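**Student:** Please find the sequence and the predicted model below.
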Amino acid sequence: MSPSRRDFLKASAAGIAVLSQGYVFGSAAAPKAEIAVRLTAAPDSSPSMLKPRKSRAILSAVMLLAIAGARGQAQAPGSNGNSSPPAQTQESQRALRTREFLGLGRRPDPELASDGEKIFGPTCGFCHGAEGRGGQGPDLLRSPVVLDDDKGELIGPVIQNGRPSKGMPAFSSLTEEQVRAIAEFLHMQVELAANRGTYQVQNIVTGNAQAGEAYFKGEGKCTTCHSVSGDLAHIGSKLAPADLQAAELYPETRGNEFGGARPPRQVTVTLADGKKFTGSLKHLDDFYVSLEDAEGEYHSIAVAKGVKVAVEDKLVFHRQMLDRYTDKQIHDLTAYLVTLK
């Protein structure tokens with residue numbers, strides 16, 4: 001195992017996680033260029049400027065993990081609960097994809113790990129903690145010996161010979177099978193800490209459906225754009241509760257789960273001389289904006305000084321609501337949407 005891979009696994013095992021949700025758009029423009037991107041809001045919504053994105057190397061990995069997690073969470077249509085055999089299978093597939101992405105190697109044997117837990121607790125737990133995360137002794141989940149080990153070939157000699165200079169006694173009475181079980185237990189702990197794909201969302205339907213319906217039709221103003229007999233018809237049967245709540249809060253990142261295919265966003269480009277181009281947005285970065293106008297003509301325009309780009313954003317109300325929702329409103333609304341079978 002390379003030092004960089006080991007360091008990555010150490011960070012994961014230590015519980016370092018980055019959650020990236022929502023939509024970030026735009027970045028610092030090239031010298032002598034201006035990008036004025038505005039959000040076209042509903043009549044009762046105020047426009048807001050999009051914030052710059054800071055390029056970071058780790059963001060790509062985080063987004064890949066987020067995509068891997070999102071692809072594995074969907075539940076088969078018609079399911080009424082938070083978990084079903086198909087959903088559990090997808091959870092396993094998500095864990096497998098995440099393990100491969102992180103380079104964690106083989107999946108630990110749950111049965112052997114369970115046997116190892118029974119041995120590890122009374123034998124090693126008094127120093128290293130019940131889960132090997134450290135106590136009087138060091139955290140074993142970040143140990144290079146554990147991370148580089150496969151089936152006890154590195155962990156075994158340390159257990160059986162000890163490290164007297166560091167205060168660790170030898171456990172020479174343990175059999176090879178027992179040492180192998182302890183090693184498997186430690187590998188399972190690394191798996192549970194590093195592989196975020198093993199996380200399973202528990203029941204989140206804790207709100208009041210009647211209060212959620214009242215919010216949907218009243219204060220939340222959801223009926224302004226949505227209809228329980230239109231785009232949200234049978235939505236409770238199409239999405240698992242966790243995915244439903246995610247789509248409710250972050251509709252852009254959840255794709256087209258609400259109401260099928262979403263029409264392309266409209267954009268208006270105003271040149272320095274005042275000439276305007278309007279059409280469906282095809283591409284936008286710091287240097288070029290591309291659109292297709294009503295006649296089907298494709299335009300690619302360099303984003304230079306004086307060029308302004310106004311992008312329509314019909315989800316601006318959702319973004320503004322993230323600062324206004326209370327936890328109760330979110331859970332009540334989710335409880336109501338789940339009933340729309």
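**Tutor:** Looks like it came in fine.
**Student:** tell me which helix or strand of the chain sits lowest on mean pLDDT?
**Tutor:** strand 37-40 (a mean of 36; mean pLDDT, DSSP states H and E).
**Student:** how about the strands of the protein, start to end?
**Tutor:** Assigned by DSSP state E, the strands in the chain fall at 37-40, 266-270, 276-284, 288-292, 298-302, 308-312.
**Student:** possible to save those as CSV with distance to Asp149?
**Tutor:** C-betas here are computed from N, CA, C, even on glycine. Converted to CSV, the strands of the chain look like this (distance: least, C-beta to C-beta, whole Å):
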stretch, distance to Asp149
strand 37-40, 51
strand 266-270, 54
strand 276-284, 48
strand 288-292, 50
strand 298-302, 54
strand 308-312, 52
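**Student:** Give me the pLDDT value at the spatially closest residue to Cys127 that is not a sequence neighbour.
**Tutor:** Closest residue to Cys127 apart from its sequence neighbours, by C-beta to C-beta, 6 or more residues apart in numbering: Gly137 at 3.5 Å. In this model, Gly137 is scored at 91, pLDDT.
**Student:** ok, now the one 5 residues further on?
**Tutor:** With respect to pLDDT, Arg142 scores 91.
**Student:** Might you list the low-confidence residue ranges for the stretch 51-200 of the chain?
**Tutor:** By pLDDT under 70, the low-scoring segments of the stretch 51-200 of the chain are 51-91.
**Student:** Sketch out the helices for it, chain order is fine.
**Tutor:** 57-71, 85-102, 110-128, 144-148, 155-161, 176-194 (DSSP state H, counting those that start in this stretch).
**Student:** Return the angle between stretch directions for the last one and helix 110-128.
**Tutor:** Using axes from the mean of the first three to the mean of the last three C-alpha atoms, to 10 degrees, one finds that helix 176-194 and helix 110-128 are set 90 degrees apart in direction.
**Student:** Give me the contact list for helix 176-194.
**Tutor:** Helix 176-194 has contacts (C-beta atoms under 8 Å, 6 or more residues apart in numbering) with 9, 12-15, 99, 102, 104, 107-110, 112-117, 119-120, 123-124, 131-133, 140-141, 146-147, 149, 151-152, 155-156, 159-160, 174, 198.
**Student:** give me that answer again for 7 Å
**Tutor:** Residues from elsewhere that reach helix 176-194, judged by C-beta atoms under 7 Å, 6 or more residues apart in numbering: 9, 12-13, 15, 102, 104, 108-109, 112-113, 115-117, 119-120, 131-132, 140-141, 146-147, 149, 151-152, 155-156, 159-160, 198.
**Student:** how far away is Gly103 from Asp139?
**Tutor:** Per C-beta to C-beta, to the nearest Å, Gly103 is found 20 Å from Asp139.
**Student:** higher neighbour count, the two?
**Tutor:** More crowded of Gly103 and Asp139, by other C-beta atoms under 10 Å: Asp139, with 17 against 12.
**Student:** Taking the chain centroid, which residue in the chain is the extreme one?
**Tutor:** Ser173 (45.2 Å; C-alpha atoms, centre = their mean).
**Student:** any idea how far that residue lies from Ala183?
**Tutor:** Applying C-beta to C-beta to Ser173 and Ala183 gives a distance of 17 Å.
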